[in-house]
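**Q** Below are the sequence and a predicted model for it; my questions follow.
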Amino acid sequence: MNSQLNVLGCRAGLVFAQNLKLTQLARSGRIEEAIALFHGMITRNTVTYNSMISAYAKNGYVVDARILFDQMPRRNLVSWNTMVAGYLHNDCFSEAAELFERMPTKDSYSWTLIITCCTRNGELDKARFLFDRMPVEKSSACYNAMISGYAKGRRYKDAIELLYSMPNKDFVSWNSVLSGYIRNGDMVMGLKFFHQMPERDVVSWNLVVEGLVKAGDLVTASEFFKRITSPNVVSWVTLLNGYCKKGCIVEAREIFDQMPKKNVVSWNAMIAGYVQHLQVEEAHRLFTEMPERNAVSWTTMISGYVRIGRLNEARNLLDMMPIKNVAAQTAMINGYVQSMRMNEAHQVFREISVRDSVCWNTMISGYVQCSRMDEALKMFMNMPKKDIVSWNTMIAGYAQDGQMDKAIDLFHQMPKKNTVSWNSVISGFNQNGLFIEAIRHFWLMRKLGCDPDWSTFASALSGCANLAALLVGMQLHSLLLKSGHDNDFFAGNALITMYARCGRISAAQQVFDEMISVDLVSWNSLIAGYASNGSGGTVISIFQEMTNKGVAPDEVTFVGVLSACSHAGMVDEGLKFFYSMSKDYSITPVAEHYACMVDLLGRAGRLAEAVKLVMTMPIRSSAGIWGALLSACRLHKNPKLANLAANKLFEFEPHTTSNYVLLSNIHAEAGRWNEVERVRVLMKQKGVHKQTAHSWIEIKNEVCVFSSDDSGQPVSAEVLTVLAALSSQMRNIGHKFNYPLVGCG
DNA sequence: ATAGGGTTAG
């Protein structure tokens, strides 16, 4: 009897110890060892099962956790809570809520879980509804969950109101509100709240240091750091990270060396700092020196080698990694994706045991970059839980691939849209020439309560630039000033282009002058602006100004400069720049530059030289080059050469109506009616139709569309009268018309 | 063994 009891006692002791070990393994991410231990155990009690459920869930194996939960012999309240927490940990909100509903009994843990579930899912009011009606006594944790939810959702008033009504406030309560301010970037309010707090612990101080670091104010951040009475590892790492992000890697290293206690996170942060500054060798030295490495250390190193393009070293590390995790494998996939090596990317992807949304998204974006949209879609469809990034990647992919209909289709299907989703469709419309749709979606986005960012403004402004929609462009300009995104390069540069394309070059110049700092794109936009406005001399002086300031021109700069010369008839200057770009700036001319040169020589009537340039150039010809030649043929009435240029042009653009029309007109003007007929037959053969040209204007928020030969317009007669008056005025001041202006609606 | 605030990697 006694010995039997002893055996039982020993067994109980063993189970207790093994349960403890299980929890420890789970906490340090050693899930394989935990599984082995669990399966090797002779006796298991409810606590064992609970620990294992938690172990699975905390390491991403939420399905296995559920299987064990369903299989275990007896479930207690903690088992149910653990499973709900497991779902919550893996962002499975609906599963968590479903299980919560089925719970036989609920304690304050359960209620805290469901409230957290709602707040994390953005359902703040539902959370509050449950909070107000929960039948068990509210713990501090429960209050804190609700307060934290409010604060994270920027509902500071609600958060503080609840905080003040709470009976036993602790540090977590105060820090939850503070964290909301800091994480949302509301530093001014955050600091004010910090000073109002009755007492502060290390976490409070760390939060403020974090906020200051994020705002880029390292001086104040280190002042606050110095005032912390006993800084912990988190305080040190936060400051260290701040110096790394600011590019002060030497100072970061000093902080690292000064740290009284280092843990894995400290080493990882320092390694990440070196990786960010592309000092991957130094990072690797620390990596080999550090006392213990975790998955983050390996992942940081792998992504470091990926960043500098050394995929072999990255792959070696991944192969050496003892227990591979998704993050490390995704970093590797990212490397292959960037080099378009999709087969190798897919091989790594196949080896991943638990696939999260990030690794799926990386694969999708890989196929998108290779324009393999069918495979991207296959991935997207196979993905078990799509997140907002997956949707946005697909939408941007279709837009880039010219399949705007599919992009819009997905956009309408997606459950929740963010700014990036809107940006993808808006810039997609622009890329596909649907500028009106781009602008319409900008207003729609604002109407539906989504905030545009600098990228939205840049896209919408680009739409205006292409439509020469000055009034809308000016409206966007003032919205941009109000939004606070006006100091951004992209938005500023888009403004320059918008004003220039709307013919307001002085406004473009003013935007340029008022920008806090300009980049190469700003210079290029200004140059292109003056170029299209025909101010060749100004372009040349701006070009000199920018090179004097030490800004090196690129290919785009020269497209602007050369087209300026061509528009202003400055042939010699153009030729000089063309030769100088490769000689002085070592920029190899591409098709666009040759097109400018053909245009330049062609306009000047030097057709033979233009042809010679095309025949001797070391690159493949393009539609732009032959198009420029064809236009020159019209200007200088050379139907023979026109036939040659047109034949080449049709190889590139067999279905572009305007090319055929141009050729036909050249022959018509020369009275070569046989040739005109030949072009007509050619168009019929190729199935090209002469499209009815149309244009539109906006009057009092209504769009009026005009097309040629359209007498159905209600205002046609009026328009025609005005047109006739304008034509006669133009004729009076000496303008000659190529065609009689008839039939314009 | 389960819930609320703070650090690092994809």
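**A** Yep, it's here.
**Q** what residues are up against the spatially most central residue of chain A?
**A** What sits nearest the mean C-alpha location of chain A, by C-alpha atoms, centre = their mean, is A:Val420, with 6.4 Å. Counting by C-beta atoms under 8 Å, 6 or more residues apart in numbering, A:Val420 touches A:Ile388, A:Asn392. For glycine as for every other residue, the C-beta is placed from the backbone atoms N, C-alpha and C.
**Q** pretty sure it belongs to a strand, no?
**A** No - inclusion of A:Val420 in a strand is not indicated when DSSP: H, G, I helix; E, B strand; the rest coil is applied; the result is helix.
**Q** so how far is A:Leu479 from it?
**A** From A:Val420 across to A:Leu479, the span is 19 Å (C-beta to C-beta, to the nearest Å).
**Q** Repeat that for A:Ala438.
**A** Between A:Ala438 and A:Leu479 the distance, using C-beta to C-beta, works out to 15 Å.
**Q** Look at the two and report which has more neighbours.
**A** Shown here are A:Ala438 and A:Leu479; by other C-beta atoms under 10 Å, A:Ala438 has more neighbours (25 against 16).
**Q** Please look at the more buried one and A:Asn432 and confirm they touch.
**A** No - proximity of A:Ala438 to A:Asn432 does not meet the contact threshold set by C-beta atoms under 8 Å, at 9.2 Å.
**Q** Contact residues of the stretch 151-300 of chain A facing DNA strand B?
**A** For the stretch 151-300 of chain A, the residues in contact with DNA strand B (C-beta under 7 Å from any atom of the strand) are A:170-173, A:175-176, A:179, A:183, A:201-203, A:206-207, A:210, A:232-234, A:237-238, A:241, A:264-265, A:268-269, A:272, A:294-296, A:299-300.
**Q** so of those residues, which ones are in helices?
**A** Applying DSSP state H to these, the entries found in helices are A:171-173, A:175-176, A:179, A:183, A:202-203, A:206-207, A:210, A:233-234, A:237-238, A:241, A:264-265, A:268-269, A:272, A:295-296, A:299-300.
**Q** Any of the residues of the stretch 151-300 of chain A next to DNA strand B buried? List them.
**A** Applying a neighbour-count criterion of 16 or more other C-beta atoms under 10 Å, the buried members of these are A:171-173, A:175-176, A:179, A:183, A:202-203, A:206-207, A:210, A:233-234, A:237-238, A:241, A:264-265, A:268-269, A:272, A:294-296, A:299-300.
**Q** Would you agree A:His485 falls within a helix?
**A** No - with three-state DSSP as the criterion, A:His485 is coil rather than part of a helix.
**Q** what's the closest non-adjacent residue to it?
**A** Using C-beta to C-beta, 6 or more residues apart in numbering and skipping residues adjacent in sequence, the residue nearest A:His485 is A:Trp454, 4.2 Å away.
**Q** quick one, what contacts that neighbour?
**A** By C-beta under 8 Å, 6+ apart, the contact list for A:Trp454 reads A:His485, A:Asp488, A:Phe490, A:Ala491.
**Q** so what's the last one up against?
**A** I take that to be A:Ala491. A:Ala491 touches A:Trp454, A:Phe457, A:Ala458, A:Leu461, A:Leu480, A:His485, counting by C-beta under 8 Å, 6+ apart.
**Q** What of the first one?
**A** Applying C-beta under 8 Å, 6+ apart, we find A:His485 in contact with A:Pro452, A:Asp453, A:Trp454, A:Phe457, A:Ala491.
**Q** Closest one of those residues to A:Ile426?
**A** Checking those against A:Ile426 by C-beta to C-beta gives A:Pro452 as the nearest, at 8.9 Å.
**Q** hang on, the closest one packs against A:His441?
**A** No - taking C-beta under 8 Å as the definition, A:Pro452 is not a contact partner of A:His441, at 10.5 Å.
**Q** Identify the contacts common to the two.
**A** Common neighbours of A:Pro452 and A:His441 (criterion: C-beta under 8 Å, 6+ apart): A:Trp422.
**Q** For DNA strand B, what is the nearest residue in the stretch 551-700 of chain A?
**A** With C-beta to the nearest atom of the strand, the shortest gap between the stretch 551-700 of chain A and DNA strand B falls at A:Asp554, namely 28.5 Å.
**Q** So what's the residue count around that residue?
**A** Per other C-beta under 10 Å, the neighbour tally for A:Asp554 reads 15.
**Q** ditto for A:Arg44
**A** With neighbours defined by other C-beta under 10 Å, the count for A:Arg44 comes to 18.
**Q** what's the answer for A:Val209, then?
**A** For A:Val209, the count of nearby residues is 27 (other C-beta under 10 Å).
**Q** Contact partners for it?
**A** With contacts defined as C-beta under 8 Å, 6+ apart, A:Val209 is in contact with A:Ala221, A:Phe224, A:Phe225, A:Ile228, A:Ser235, A:Thr238, A:Leu239, A:Gly242.
**Q** The first one and A:Leu635: what is the separation?
**A** It stands for A:Ala221. Spatial separation of A:Ala221 from A:Leu635 under the definition C-beta to C-beta is 64 Å.
**Q** Between these two, which is the more surrounded one?
**A** For A:Ala221 versus A:Leu635, the count of surrounding residues by other C-beta under 10 Å is larger for A:Ala221: 23 against 13.
**Q** Return the residues in contact with A:Met570.
**A** Applying C-beta under 8 Å, 6+ apart, the residues near A:Met570 are A:Gly536, A:Ala564.
**Q** how does it look with 10 Å?
**A** With contact taken as C-beta atoms under 10 Å, 6 or more residues apart in numbering, A:Met570 is in contact with A:Gly536, A:Gly537, A:Val539, A:Ile540, A:Leu562, A:Ala564, A:Lys576, A:Phe577, A:Leu600, A:Ala604.
**Q** And the buried ones among those, selectable in PyMOL?
**A** PyMOL command restricting the contacts of A:Met570 to the buried ones, with burial defined by 16+ other C-beta under 10 Å:
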select buried, chain A and resi 536+539+540+562+564+577+600+604
